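> output the structure for:
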Amino acid sequence: MAQDTYIGAVDQGTTGTRFMVFDHGGKVVANAYQKHEQIYPEPGWVEHDPEEIWESTKDVVEEALRNADLGADQLDAIGITNQRETTLIWDPESGRPLNNAIVWQDRRTTDRVEKLQDEGKEEWVRGKTGLEPDAYFSATKAEWLLDNTDQIKLQRMRPDDVRDRAEQGELMFGTIDSWLIYKLTGEHITDVTNASRT
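Next up is the predicted model:
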């Protein structure tokens, strides 16, 4: 790496997004932060607008680079840390999310988790995932999105429902890291630390 290059870090958190630029000695040379809206459609429900998160991510990257008089071509790499279980599904055809992201704090799927426990599936879930059944994790959030997304709001001409499209591999699921990487690169990927929680 040349000495006039830097490393960027996106910290996409529950209440906002920060972008920092580090030099080769680990010194912070640029820093920008922007809050995003917390959406509470019902008691116990918490959502974020994925498009707002994407826009604020672009804004803080541009602001930090501008404040440090750096060009994007001077970044050798960008790392992303994120709110782990915040879950969304998006349509790669349009590039738009199907719905707001369901935030890690959201408890709307507590009844579903209790049903799994009542059906004696707690050990099965633990054996498959290493995790306790809990509305905190993204699986029941993804299921809720598949079952509750309104096609009319998607402004799609095709009548296929969301679950059918997901089963045909036409939709993308992920946590906020996957969403941001997709928007930055067009790739649908994650890392092992995020994947292990889903």
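
> can you pull out the strands in this protein?
For the chain, strands defined by DSSP state E occupy the ranges 6-12, 16-22, 28-35, 47-48, 75-82, 87-91, 96-97, 101-102, 172-175.

> pick the most deeply packed of the ones you listed.
Using mean count of other CB atoms under 10 Å, the stretch among the strands of the chain with the largest mean neighbour count is strand 101-102, at a mean of 26. (Each C-beta comes from the backbone N, C-alpha and C, glycine too.)

> and it, average pLDDT?
Model confidence over strand 101-102, given as mean pLDDT, is 97.

> quick check: longest helix in this protein by residues?
Counting by DSSP state H, the longest helix found in the chain is helix 50-67.

> so what secondary structure elements neighbour that helix?
On a contact count with 3 or more CB pairs under 8 Å, 6 or more residues apart in numbering; DSSP states H and E, helix 50-67 meets strand 6-12, strand 16-22, strand 28-35, strand 96-97, helix 176-185.

> list the buried residues of the last one.
Put plainly, it is helix 176-185. Buried residues in helix 176-185, counted by 16 or more other CB atoms under 10 Å: 176, 177, 178, 179, 180, 181, 182, 183.

> ok, the fifth one touching residue 17?
The reference is to residue 180. No: counting by CB atoms under 8 Å, residue 180 does not reach residue 17; the two are 9.1 Å apart.

> any residues in contact with both of these two?
Here residue 180 and residue 17 have 10, 53, 57 as joint contacts, going by CB atoms under 8 Å, 6 or more residues apart in numbering.

> which of these lies closest to residue 122?
residue 53 (32.8 Å; CB to CB).

> residues in contact with the closest residue in space to the closest one that isn't next to it in sequence?
Nearest residue to residue 53 in three dimensions, chain neighbours excluded: residue 36, at 5.8 Å (CB to CB, 6 or more residues apart in numbering). Residues in contact with residue 36 (CB under 8 Å, 6+ apart) are 15, 16, 17, 48, 49, 52, 53, 56.

> next one: residue 37
Applying CB under 8 Å, 6+ apart to residue 37 gives the contacts 48, 49, 52.

> what residues are up against the nearest residue to residue 187 once chain neighbours are set aside?
Nearest residue to residue 187, sequence neighbours excluded (CB to CB, 6+ apart): residue 181, at 6.0 Å. For residue 181, the contacting residues are 80, 187, 188, 189, 190, by CB under 8 Å, 6+ apart.
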